[in-house]
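K.L.:
here are the coordinates; sequence isn't available:
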């Protein structure tokens, strides 16, 4: 402060004004930043979780918040470009109108589609059934693909190309998700790269940066002490184990490798068992789910069970498979860190591939054609006059069931368990104890839900809104469950590595979502009875049609970009750039090594030690 | 920040908060420091008191807040972290400092300390990773080098 006051005397008027103005600008910016941080969703909640449970669990909740925002933005995108114009055109606001052009060159039987909307007297439980399975009343709303049977729309006097907008909005939300996830993971990737470059830095990182200064609760501090001690002990033990592994004899190595191959075969068998059961459940559900004509409650609940059968089987597979994997991996004798990673990888695969299997079995049902009439349409027109709505309904059911399961597990497993542990002091109950907050299980759960949302949004444009509300409620459920019924994990995951892991798995989910969407859009013929792509062969066909309407010059440019003459040199240039960056990284690494050696030399070099005269 | 500082003073000295010094016992009642194992070192490092009683004036308090805030650069944070970890104030982190550091991290009770063999192995590993000139101690530049590559170090922002 004294220095500052002395400075002020010596500065000229202009410099003083500059300094005061920059100070006030900084103050204003600081206050704006503080205000905007109040607008950040759940800032206080996440901060208090961080203080009580550590940064690993806090990263889960930040991830959940990110997904809420992502889904909300996707919903805004789809709503403003697809749903809103459709609603405006259908209700004639602003003198808009729409036209349903019947497709040419199509057999008339393909275009018959009569969704069973609300016909006359309906009972209350049909409403409930429709809500839970997306059929009946919900089928004709803007929730599903079938509502958007508009081939051309005019909003005031401008022509709005709805099919093109629908397709482009789909690509836009996929691209937006991809870019946003990559942007978020770049920071974590840089840190991981630095961290991985020097794998022996882990001890220093734990000791110097180990204490979480955000902890304010003495109880949490005790737990942190214990977890740090546990971490250090496990690391030291792993090092000893590594040395032991290096000393293994050939006979032991042979035994362990053959055991590992055997266990991997068992894992593959378990996986194929799961997938086969999902396939059979889907086929059974599709064949036996009939629209109930008789309003019978027993029929209703049985029908609902059949409708939800694929979801039930997937959830059971997602629950059993990780237990089996964590049991098997104990026999494989890996180091503890690798064990965790391999189990996680297997669980991720089960969760994401089960959605894929469901979709494949659905498509095999949809494209099953045994007579010429069916072949003319390209899909099974009798059972699935509007197959995109069917797929949308399956995704909707998966999402609702996922939400119900999370609610049910919290209400009927966590709280009773806590009640038992606090009030019953018999040995087995106390030995079970409270459950830990398994971060990876919970993260996989929400990534599974997000993958369903990505795949389902093409078939059901309002699905992101449901996902936003679902994740919003899940945040509060998980928070309450965490605070009241969980004990903190004994083996905490570090925040830096877990953020990157969540985003990588989310990226895998997104890439996996591209595949079914790509196949649906480009390969399977779109339904001729409903939807905006009636007059096209496949949904993708709207893009070439639009390009043909462009002026000649632009067409030439676009053809040029798509041709091999452009793509191959482009690919070569990209490869060259990549090799350049790899070489640059290698050179930097060598420079760092050289500088480290120089640092050592400097200490003993007399030239640097003698002072300059 | 001024409000929090003046809350720590007894009632009669509140008007004079700019020039008063808060005794160490009061500082340790701050929630952020209460659970921190390095609380005594933090008070010692940031206190500029001449009598060695680790009391803090308002400037010391501001220094502490600014170092622990979001906007401090990692250079400043690592400089102060080095001073906090240097238990015997000799300008380097030698084996005894590292031993005390690890004991602080694992907890003060008897059963939570690492065994001698584990401690030896751990300190050996730490020195292997960070001691560039192989003199058996970690000086400030080695510490800053090692910490700049630690991904978790940047999360030292306490006072919101």
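P.N.:
Received it, and whenever you're ready, just let me know what you need. Every value quoted in this text rests on a predicted model; they were computed, and no experiment measured them.
K.L.:
hey, let's count contacts and neighbours off CA atoms from now on
P.N.:
Fine.
K.L.:
ok now do residue A:109, which residues does it touch?
P.N.:
Counting by CA atoms under 8 Å, 6 or more residues apart in numbering or on different chains, residue A:109 touches residue A:381.
K.L.:
10 Å - rerun?
P.N.:
Counting by CA atoms under 10 Å, 6 or more residues apart in numbering or on different chains, residue A:109 touches A:373, A:374, A:376, A:377, A:381, A:382, A:385, A:528, A:529.
K.L.:
how about the strands in the chain?
P.N.:
In the absence of a named chain, this looks at chain A. Ranges of strands in chain A, per DSSP state E, are A:97-99, A:152-155, A:158-160, A:435-436, A:486-487.
K.L.:
let's do chain B instead
P.N.:
Taking DSSP E, the strands of chain B run over residues B:21-22, B:56-57.
K.L.:
who are the packing partners of the first one?
P.N.:
Right, the one you point to is strand B:21-22. Other helices and strands packing on strand B:21-22, by 3 or more CA pairs under 10 Å, 6 or more residues apart in numbering or on different chains; DSSP states H and E, are helix B:2-8, strand B:56-57, helix B:58-67.
K.L.:
winner for burial among the strands of chain A?
P.N.:
strand A:152-155 (a mean of 20; mean count of other CA atoms under 10 Å in any protein chain shown).
K.L.:
quick one: contacts of that strand?
P.N.:
With CA under 10 Å, 6+ apart, strand A:152-155 has contacts from A:85-86, A:88-90, A:92-101, A:159-163, A:532.
K.L.:
domains of chain B?
P.N.:
B:1-68, B:74-156 (the TED database).
K.L.:
for residue A:96, which non-adjacent residue is spatially closest?
P.N.:
Nearest non-adjacent residue to residue A:96, counting by CA to CA, 6 or more residues apart in numbering or on different chains: residue A:155, 4.4 Å away.
K.L.:
repeat that for residue B:46.
P.N.:
Using CA to CA, 6+ apart, the closest residue to residue B:46 is residue B:60 (5.8 Å).
K.L.:
if we can go back for a sec, most neighbours per residue, which of the strands of chain B?
P.N.:
Ranked by mean neighbours (mean count of other CA under 10 Å), the strands of chain B are led by strand B:56-57, with a mean of 22.
K.L.:
quick one: residues contacting residue A:409.
P.N.:
So residue A:409 contacts residue A:415 (CA under 10 Å, 6+ apart).
K.L.:
give me the distance between it and residue A:89.
P.N.:
Separation of residue A:409 from residue A:89 (CA to CA, to the nearest Å): 44 Å.
K.L.:
which one of the helices and strands packed on strand B:21-22 has the poorest average confidence?
P.N.:
Within those, confidence is poorest for helix B:2-8, with a mean of 68 (mean pLDDT).
K.L.:
is the single longest helix found in chain B positioned near chain A?
P.N.:
Secondary structure of chain B read by DSSP state H shows that its longest helix is helix B:116-130. Yes. Using CA under 10 Å from any CA of the partner chain, helix B:116-130 comes into contact with chain A via B:118, B:119, B:121, B:122, B:123, B:125, B:126, B:127, B:128, B:129, B:130.
K.L.:
same for that helix, what does it pack against?
P.N.:
So helix B:116-130, by 3+ CA pairs under 10 Å, 6+ apart, packs with helix A:202-208, helix A:218-246, helix B:95-106, helix B:140-148.
K.L.:
so which of these is nearest residue A:515?
P.N.:
Shortest distance between residue A:515 and the helices and strands packed on helix B:116-130, using CA to CA, is found for helix A:202-208: 38.1 Å.
K.L.:
so which residue is dead centre in chain B?
P.N.:
residue B:84 (3.4 Å; CA atoms, centre = their mean).
K.L.:
tell me the contacts of it?
P.N.:
Here residue B:84 is in contact with B:38, B:39, B:40, B:41, B:42, B:43, B:44, B:45, B:46, B:78, B:101 (CA under 10 Å, 6+ apart).
K.L.:
cool, and residue A:112?
P.N.:
A:381, A:382, A:385, A:386, A:528, A:529, A:530.
K.L.:
switch to 7 Å and redo it
P.N.:
A:385, A:529 (CA atoms under 7 Å, 6 or more residues apart in numbering or on different chains).
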